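[1] only geometry, no sequence info:
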């Protein structure tokens, strides 16, 4: 029996036990049913100040084991903020409060940041939006769990460096004990980025379609690109007129596309083309040159068409749309303002001709031809804005036709040319 008593032990498994002294009584009975006097053992409970225990993903649902967490962040998709801990992040401690936490990207790349949303009261955030965030202030473990859920990873650069980011997280309790470092691994992946404008500014492309034209107009620049930092191949390219009108058509050269290993999917329509095939980015870039816009209507809707391009890579990441804008109508807007509108025979009349470049690029080597009725004669050509008109071949009063040239006209710019004529001797309408 003495040996049996020797095997009895006291234990308390509660993380924060009551520190009150324990008194344990021992009483024995003999074979005559006589009972001994009670003997007492006193146990003094000393609460150890253990460090807090941090688990970023308590049920390991992210695939990370131990105390870690893992997630993927995809650039080129307009990605916002990705939490750096799971929803079931857990902090346990034998103390009353947590006093601090540090969250640090140990291998930060350009554009990486740790933005922070609203945290519980009593917790102060330092370094929000940088690569190292500190939380401070006495608060419960539950409040610090909420604060960790408010921290995310973000990189708004669509061509951000791919690969894993290591984010170390440590919490400290009111006994100044720190937890073991828990690691959040955020793997940065890339979605395709279509740049329709190539070396020019921005990824959007603009062009113009002239009604009556039988050939489709290109809807991507000749130096357009498709970038994807972690994929060699693409699997599809979707092209869609988002505001189609009567007569609109996206044209494709299927022979050229097939030579690139790219097919036109059966889901395609007249205003939507889905190009498919697991081939290189270079082949899809080449395919951009074999797609165009056409409208067979005599007078098509003048609203500019918006055409979206979205590429998908072999990891099934779909990039943000790049947009080609197709203006409908001539590149030049021309107005004639006669003064006066009613003029006597054999008198002077001045036409003010305003020309606006409505195209998407500067115009060069402009030629303006003014043709009058046979018995009306041009007497003068004037350049009121000194824009650089060359009317040197004009001979006043000798014929009804004048040709003037202009070296260049900037995109969106307007120039003026004044043509003075001598009206015919007979009363009638004059056509210029």
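    Now that the structure is in, tell me what you want to look at. What you see is a predicted model, and the numbers here were worked out from it, not measured in a lab.

[2] Quick check: phi and psi at residue 256.
    In this entry, residue 256 is assigned phi and psi values of phi -70, psi -40 (degrees, to the nearest 10).

[3] That one and residue 74: what is the separation?
    Residue 256 sits 31 Å away from residue 74 when distances are taken as C-beta to C-beta, to the nearest Å. C-beta: built from backbone N, CA, C; applies to glycine.

[4] do residue 299 as well
    Counting by C-beta to C-beta, the gap from residue 299 to residue 74 is 45 Å.

[5] now residue 227
    14 Å.

[6] Past the helix or strand harbouring residue 133, which element shows up next along the chain?
    Assigning secondary structure by DSSP states H and E places residue 133 in strand 132-139. Going down the chain from strand 132-139, the next helix or strand is helix 141-149, by DSSP H and E.

[7] I'd like the next helix or strand past that following helix.
    Note on helix 141-149: by DSSP H and E, the next helix or strand toward the C-terminus is strand 152-153.

[8] where does that next one sit relative to the chain's centre, distance-wise?
    Relative to the centre of its chain, strand 152-153 is centred 17 Å away, using C-alpha atoms, centre = their mean, to the nearest Å.

[9] Show me what that strand is packed up against.
    Helices and strands touching strand 152-153, as assessed by 3 or more C-beta pairs under 8 Å, 6 or more residues apart in numbering; DSSP states H and E, comprise strand 82-83.

[10] What mean pLDDT does the strand it packs on get?
    Computed over strand 82-83, the mean pLDDT rounds to 96.

[11] just to revisit the earlier point, comparing residue 299 and residue 74, which residue is more hemmed in?
    Taking neighbours as other C-beta atoms under 10 Å, residue 299 and residue 74 compare with residue 74 leading, 19 against 10.

[12] residue contacts, the residue nearest to the spatial centre of the chain?
    With the centre of the chain defined as its mean C-alpha position, the nearest residue by C-alpha atoms, centre = their mean is residue 78, 3.6 Å away. Contacts here follow C-beta atoms under 8 Å, 6 or more residues apart in numbering; on that basis residue 78 touches residue 320.

[13] So it belongs to a strand, correct?
    No - with DSSP: H, G, I helix; E, B strand; the rest coil as the criterion, residue 78 is assigned coil and is not in a strand.

[14] Pass me the low-pLDDT residue ranges in the stretch 301-432 of the chain, would you?
    Low-confidence segments of the stretch 301-432 of the chain, defined by pLDDT under 70, span residues 360, 372-376, 394-400, 424-432.

[15] and the strand holding residue 133, what does it pack onto?
    strand 98-105, strand 124-126, helix 141-149.

[16] Kindly recompute the last result at 6 Å.
    Judged by 3 or more C-beta pairs under 6 Å, 6 or more residues apart in numbering; DSSP states H and E, the packing partners of strand 132-139 are strand 98-105, strand 124-126.

[17] what about these, which gets the closest to residue 285?
    Ranking those by distance to residue 285, with C-beta to C-beta as the measure, places strand 98-105 first at 33.6 Å.

[18] For stretch 113-126, give the mean pLDDT please.
    In this model, stretch 113-126 has a mean pLDDT of 96.

[19] mind checking how far it is from the chain centre?
    In this view, stretch 113-126 has its centroid 26 Å away from the chain centroid, taken as C-alpha atoms, centre = their mean.

[20] residue ranges for the helices of this protein, please.
    2-6, 141-149, 254-259, 281-288 (DSSP state H).

[21] Of those, which is nearest residue 243?
    helix 281-288 (20.7 Å).

[22] how about the closest residue in space to residue 114 that isn't next to it in sequence, what does it touch?
    Nearest residue to residue 114, sequence neighbours excluded (C-beta to C-beta, 6 or more residues apart in numbering): residue 133, at 4.9 Å. Contacts were defined as C-beta atoms under 6 Å, 6 or more residues apart in numbering; by that measure residue 133 touches 103, 114, 127.

[23] pLDDT at residue 210, what is it?
    For residue 210, pLDDT reads 84.

[24] and it, what are its phi and psi?
    With angles defined as degrees, to the nearest 10, residue 210 shows backbone torsions of phi -100, psi 120.

[25] how far away is the closest residue to it other than its chain neighbours from residue 213?
    Closest residue to residue 210 apart from its sequence neighbours, by C-beta to C-beta, 6+ apart: residue 330 at 5.8 Å. Summarising the geometry, the distance separating residue 330 from residue 213, computed by C-beta to C-beta, is 11 Å.

[26] Now the strand holding residue 133: buried residues?
    Judged by neighbour count (16 or more other C-beta atoms under 10 Å), strand 132-139 contains these buried residues: 133, 135, 137, 139.

[27] do the same with stretch 309-319
    Judged by neighbour count (16+ other C-beta under 10 Å), stretch 309-319 contains these buried residues: 309, 310, 311, 312, 313, 315, 317, 318, 319.

[28] Which two among the residues you listed are spaced furthest apart?
    309 and 315 (18.8 Å).

[29] List of residues touching stretch 93-107?
    Defining contact as C-beta under 6 Å, 6+ apart, one finds that stretch 93-107 is touched by 15-16, 50, 52, 112, 131-136, 138, 141, 144, 151, 165-175.

[30] same question, stretch 3-17
    By C-beta under 6 Å, 6+ apart, the surrounding residues in contact with stretch 3-17 are 43, 45, 94.

[31] could you list every residue that touches residue 275?
    In this structure, residue 275 makes contact with 237, 262, 287, judged by C-beta under 6 Å, 6+ apart.

[32] please redo it, this time with the cut-off set to 7 Å
    Applying C-beta atoms under 7 Å, 6 or more residues apart in numbering, one finds that residue 275 lies in contact with 236, 237, 257, 262, 264, 287.

[33] just residue 70 next, same as before
    In this structure, residue 70 makes contact with 62, 63, 64, 185, judged by C-beta under 7 Å, 6+ apart.

[34] Provide the partner residues of it in its beta bridges.
    Using DSSP bridges, the bridge partners assigned to residue 70 are residue 185.

[35] Brilliant, that's me finished.
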